[in-house]
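Undergrad: fold the stuff below for me.
(one chain, ligands or ions: 1)
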Amino acid sequence: MRTEKLIEASHVSVSYGTVSVLDNVSFALHKSEIVTIVGPNGSGKSTMLRALIGALPVTSGEINRMPGLRIGYVPQRLHIERTLPMSVRRFFDLPRRIDDKALTGVLEKVQVGHLLERQMIDLSGGQFQRVLLARALLSKPQVLVLDEATQGLDQQGSAEFYQQVEAVRNELDCAVLMVSHELHVVMSASDRVICLNGHVCCEGAPDVVSSQPEYRALFGTDTKGTLALYRHEHDHTHDHCGHEDVGPDVNG
Ligand SMILES: Nc1ncnc2c1ncn2[C@@H]1O[C@H](COP(=O)(O)OP(=O)(O)OP(=O)(O)O)[C@@H](O)[C@H]1O
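TA: Here you go, the predicted structure:
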């Protein structure tokens, strides 16, 4: 039986000016599930995340979030000014002071306690992303949103990061909604995968999605998928589900 819906998008379309980026997308995120959005460059993944969390207005359709929903957001990257001294502890205090007691539990979960006095700019890529994850957890989120949070990490670093995310989900029982290009990593860590290319091409459990013709057309039959993703030329249509392919041109 499905649990309660935390966020629901119904027939959502988003355009930037006259350019349509999302067309008639419907989607629901349920309590405790890990959902990954995959798709080629420019297919609207970040746009969809931003619309779902309310950071971007939709052109048509509707997005409903559970009243009072707490969302923790881990961005793709964050620029820290190199000339500005900023310790990890100070970073946690932005935009408002966090007392040590509130911080302790989160530091243990994400194993960044030993980094508190370090400068943000001196952290490794993996440490930096774990600090961002810890910061997102401070609001005790019911939904954790990750937008390509492991960009720049090597395969082992990103696998460790996603294991950490899974552990956090298991402990906090929060839902996780993420965008990733690392199909081989996220496919194993997700309950459900949405394959997006301006519209929802297919969705379902990872093993179901990876055997769909739409998915294979996008990512190739290679289980790693990553290279095919960047080489993708979207020339298939979706007659079986009544969608005309109106997705953006994403020649990589
Ligand atoms: N603020 C904006 N104004 C105009 N166009 C935008 C804006 N943001 C994104 N776009 C365009 O919308 C399309 C979808 O962008 P989006 O970032 O959602 O895709 P994506 O799937 O997340 O891409 P990537 O995998 O490269 O990160 C792209 O063509 C992009 O150039």
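
Undergrad: do a quick rundown of the strands in the protein.
TA: 5-16, 19-30, 34-38, 60-65, 71-74, 143-147, 175-179, 192-196, 200-204 (DSSP state E).

Undergrad: now distance to the ligand and mean pLDDT too, for the ones you listed, in a markdown table please.
TA: C-beta: built from backbone N, CA, C; applies to glycine. As requested, the strands of the chain are exported to a markdown table (distance: least, Cβ to the nearest ligand atom, whole Å; pLDDT from 0 to 100):
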| stretch | distance to the ligand | mean pLDDT |
| --- | --- | --- |
| strand 5-16 | 3 | 97 |
| strand 19-30 | 4 | 96 |
| strand 34-38 | 8 | 92 |
| strand 60-65 | 15 | 97 |
| strand 71-74 | 15 | 92 |
| strand 143-147 | 8 | 94 |
| strand 175-179 | 6 | 94 |
| strand 192-196 | 7 | 91 |
| strand 200-204 | 13 | 90 |
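
Undergrad: how about the residues of this protein by the ligand?
TA: For the chain, the residues in contact with the ligand (Cβ under 6 Å from any ligand atom) are Tyr16, Val21, Gly39, Asn41, Gly42, Ser43, Gly44, Lys45, Ser46, Thr47, Pro248.

Undergrad: repeat the analysis, applying 5 Å as the threshold.
TA: Residues of the chain lying close to the ligand (Cβ under 5 Å from any ligand atom) are Tyr16, Val21, Asn41, Gly42, Ser43, Gly44, Lys45, Ser46, Thr47.

Undergrad: ok, of these, which one's closest to Val179?
TA: Closest approach between the residues of the chain next to the ligand and Val179, by Cβ to Cβ: Lys45, at 4.4 Å.

Undergrad: contacts only, for the closest residue to the closest one other than its chain neighbours.
TA: Leaving aside its sequence neighbours, Lys45 sits nearest to Val179 (Cβ to Cβ, 6 or more residues apart in numbering; 4.4 Å). Residues near Val179 by Cβ atoms under 8 Å, 6 or more residues apart in numbering: Thr36, Ile37, Val38, Lys45, Ser46, Leu49, Leu146, Asp147, Glu148.

Undergrad: from Ser15, how far off is the first one?
TA: Right, Thr36. 25 Å (Cβ to Cβ, to the nearest Å).

Undergrad: before we move on, the earlier item: hey, what's the residue nearest to Lys45 bridged with?
TA: Ile37, Asp147 (DSSP bridges).

Undergrad: can I assume Thr36 is in contact with Val186?
TA: Yes: using Cβ atoms under 8 Å, Thr36 is in contact with Val186, at 4.5 Å.

Undergrad: what touches both of the two?
TA: Taking Cβ under 8 Å, 6+ apart as the contact rule, Thr36 and Val186 both touch Met178, Ser180, Val193.

Undergrad: cheers, nothing more for now.
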